[in-house]
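Colleague: need a 3D model of the sequence below.
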Amino acid sequence: MKSEQHIEDIWLRPAVFRCAFEECLECFDFVTDKAREITISPEGTPQEFSVTLGEFPEEFRSIRRHLFSVLFQSMYSVLGLSWEKRLLYGKLNYLFRIWVTSADNLLDNEDKLTLPICMTGRGHIMKPVISIMAADRVLQVMLHETLRSGLLTFEQVEVLSRQSLQALLPSAAEESSEEGGIQTRRTPEDILKKIHVLKTGILFNLPFVGPKHIEPGLDRALIKSLELALMNFGVGCQVLDDIRDMSLDLKENRQNYVLSSIFHQDPATYEGRLKDLKSMPESLRGCPAIFDRFIVPAAQLGRTLLLKGLSQLSECGITLTVEEREEIAESMFFVLALGDPQQWLTPFKAHRLL
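Modeller: Here you go, the predicted structure:
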């Protein structure tokens, strides 16, 4: 992996991901089209206050914009689900994506595109609010269609509707625990085993919400193995996120694996040298080399977890060569805005990045 330009080639190489990507685009189009039909202001609304759904930029049809969705979609082939069921759960995955990303936008005052809402104003609040409401209505439309077609029973629709909310609640509670700042820094082990499992890991298990609860004939042991694999991959991504967000999380007083490592292993450095990072909330530019002994092991841990998850997926039937697994793992450094992984995995280089 030499540059970010190779990401698409890497993710399109495995046949299972290519097939999943085609299905993802079909699910993406369904959710977008249904949201566009629903998100329309009442007749007579003054033009300056009308709300509509525009078009996504063309780049949103590239695999680069659907990497996690492709990973999730590939699970359904391994589970042996029919084409109709694969698309059903793929559509639900995109609704989860809207709900989760819109919530992040609200919590972090960000503006990541979930649905191309067209409305006046430059704020970052109403657009994600409308996106969440529109996604809820799309879920209703989707479930009604499954009833009419006979794909699901009324009881299954009720279960899927209920579980699509309940599955998000533990992660929502963890996010809530960090609002307004934390009271204490948990140990690095607690961050990995509890906080990051709830914060991110279980979000990588959302693809199994439907299959686990309304597909009684599936291999339960296989589902558990796939869940564990995606959990490891997801926590690996979060550890890399913690490197990227180290200074921001310090300023906003949030849980962070790297900060916890410094806090518990070298309190003097935490109390003394970390104050320099508070003036650099957007990046680690100029981060002192003294932090390499915490950042480099975190980068190595993130890569190890990514590879572990991918190896477990291979054991479950997602055919990936050793080279493909290594390239996919290293591609995540670029995806998560860290750049060349080798500069993070090698001591005395991390502080010169970004």
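Colleague: which secondary structure elements does the lowest-mean-pLDDT helix or strand in the chain sit against?
Modeller: Every helix and strand in the chain was compared by mean pLDDT, DSSP states H and E; the lowest is helix 267-272, with a mean of 86. Counting contacts by 3 or more Cβ pairs under 8 Å, 6 or more residues apart in numbering; DSSP states H and E, helix 267-272 packs against helix 257-265. Yep, even glycine has a C-beta here, placed from its N, CA and C like the rest.
Colleague: quick check: buried residues in the least confident helix or strand of the chain?
Modeller: 269-270 (16 or more other Cβ atoms under 10 Å).
Colleague: just the CA trace of it, in CSV.
Modeller: Taking C-alpha atoms only, helix 267-272 is exported to CSV below (Å, rounded to 0.1, in the frame of the first residue of the first chain):
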residue,chain,number,x,y,z
PRO,A,267,1.1,10.3,34.9
ALA,A,268,3.9,12.9,34.9
THR,A,269,3.8,13.2,31.1
TYR,A,270,0.0,13.3,31.1
GLU,A,271,0.0,16.2,33.6
GLY,A,272,3.0,18.0,32.0
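Colleague: and it, how far out from the chain middle?
Modeller: With Cα atoms, centre = their mean, to the nearest Å as the basis, helix 267-272 stands 32 Å off its chain's centre.
Colleague: can you check stretch 170-187 too?
Modeller: Worked out by Cα atoms, centre = their mean, stretch 170-187 lies 18 Å from the chain centre.
Colleague: please identify the buried residues of it?
Modeller: 171, 174-175, 178, 182, 185-186.
Colleague: what's the answer for stretch 250-269, then?
Modeller: Within stretch 250-269, the residues that count as buried by 16+ other Cβ under 10 Å are 250, 252, 254-263, 266, 269.
Colleague: what's the farthest-apart pair in the residues you listed?
Modeller: Within these, two members stand farthest from each other by Cβ to Cβ: Glu252 and Asp266, at 21.5 Å.
Colleague: quick check: closest non-adjacent residue to Asp111.
Modeller: Counting by Cβ to Cβ, 6 or more residues apart in numbering, His124 is the residue found nearest to Asp111 once chain neighbours are left out, at 5.0 Å.
Colleague: assign a three-state SS to that neighbour, would you?
Modeller: Using DSSP: H, G, I helix; E, B strand; the rest coil, the structure places His124 in coil.
Colleague: is it in contact with Asn109, as I believe?
Modeller: Yes - assessed by Cβ atoms under 8 Å, His124 is found in contact with Asn109 at 5.5 Å.
Colleague: comparing the two, which shows the higher neighbour count?
Modeller: Using other Cβ atoms under 10 Å as the criterion, His124 and Asn109 rank with His124 on top: 14 against 10.
Colleague: how far away is that one from Thr52?
Modeller: Taking Cβ to Cβ, to the nearest Å as the measure, His124 falls 19 Å from Thr52.
Colleague: is it true that Ala337 lies in a strand?
Modeller: No - the assignment for Ala337 (three-state DSSP) gives coil, which keeps it out of a strand.
Colleague: which residues of the stretch 1-150 of the chain score low on pLDDT?
Modeller: 1-5 (pLDDT under 70).
Colleague: if we use 90, what do you get?
Modeller: Flagging of the stretch 1-150 of the chain using pLDDT under 90 yields the residue ranges 1-6, 108-110, 121-124.
Colleague: helices of that one, residue ranges please.
Modeller: For the stretch 1-150 of the chain, the helices defined by DSSP state H, counting those that start in this stretch occupy 7-12, 15-38, 67-78, 83-108, 126-149.
Colleague: which strands and helices sit next to the third one?
Modeller: Helices and strands in packing contact with helix 67-78 are listed as helix 7-12, helix 15-38, helix 83-108, helix 220-244; criterion 3+ Cβ pairs under 8 Å, 6+ apart.
Colleague: can you give the contact residues for the first one?
Modeller: Contacting residues not belonging to helix 7-12 are listed as 1, 17-18, 21, 62-64, 67, 70, 324, 327-328, 331, 334-335 [Cβ atoms under 8 Å, 6 or more residues apart in numbering].
Colleague: same thing but at 6 Å, please
Modeller: Helix 7-12 is contacted by residues 17-18, 63-64, 327-328, 331, 334 when judged by Cβ atoms under 6 Å, 6 or more residues apart in numbering.
Colleague: the second one now?
Modeller: With contacts defined as Cβ under 6 Å, 6+ apart, helix 15-38 is touched by 11-12, 53, 63, 66, 69-70, 73-74, 86-87, 90-91, 94, 115, 134, 137-138, 141, 318.
Colleague: now it: buried residues?
Modeller: Quick answer for helix 15-38 (16+ other Cβ under 10 Å): 16-17, 20-21, 23-25, 27-28, 30-32, 34-36, 38.
Colleague: just want the angle from it to helix 83-108.
Modeller: Calculated by axes from the mean of the first three to the mean of the last three Cα atoms, to 10 degrees, helix 15-38 forms an angle of 70 degrees with helix 83-108.
Colleague: quick one: contacts for Ser225?
Modeller: Cys316.
Colleague: hmm, 8 Å instead?
Modeller: Contacts of Ser225 by Cβ under 8 Å, 6+ apart are 312, 315-316.
Colleague: TSV for these, including pLDDT, neighbour count and secondary structure?
Modeller: TSV is the format used below for the contacts of Ser225 (pLDDT from 0 to 100; neighbours: other Cβ atoms under 10 Å; DSSP: H, G, I helix; E, B strand; the rest coil):
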residue	pLDDT	neighbour count	secondary structure
Gln312	98	19	helix
Glu315	97	10	helix
Cys316	97	19	helix
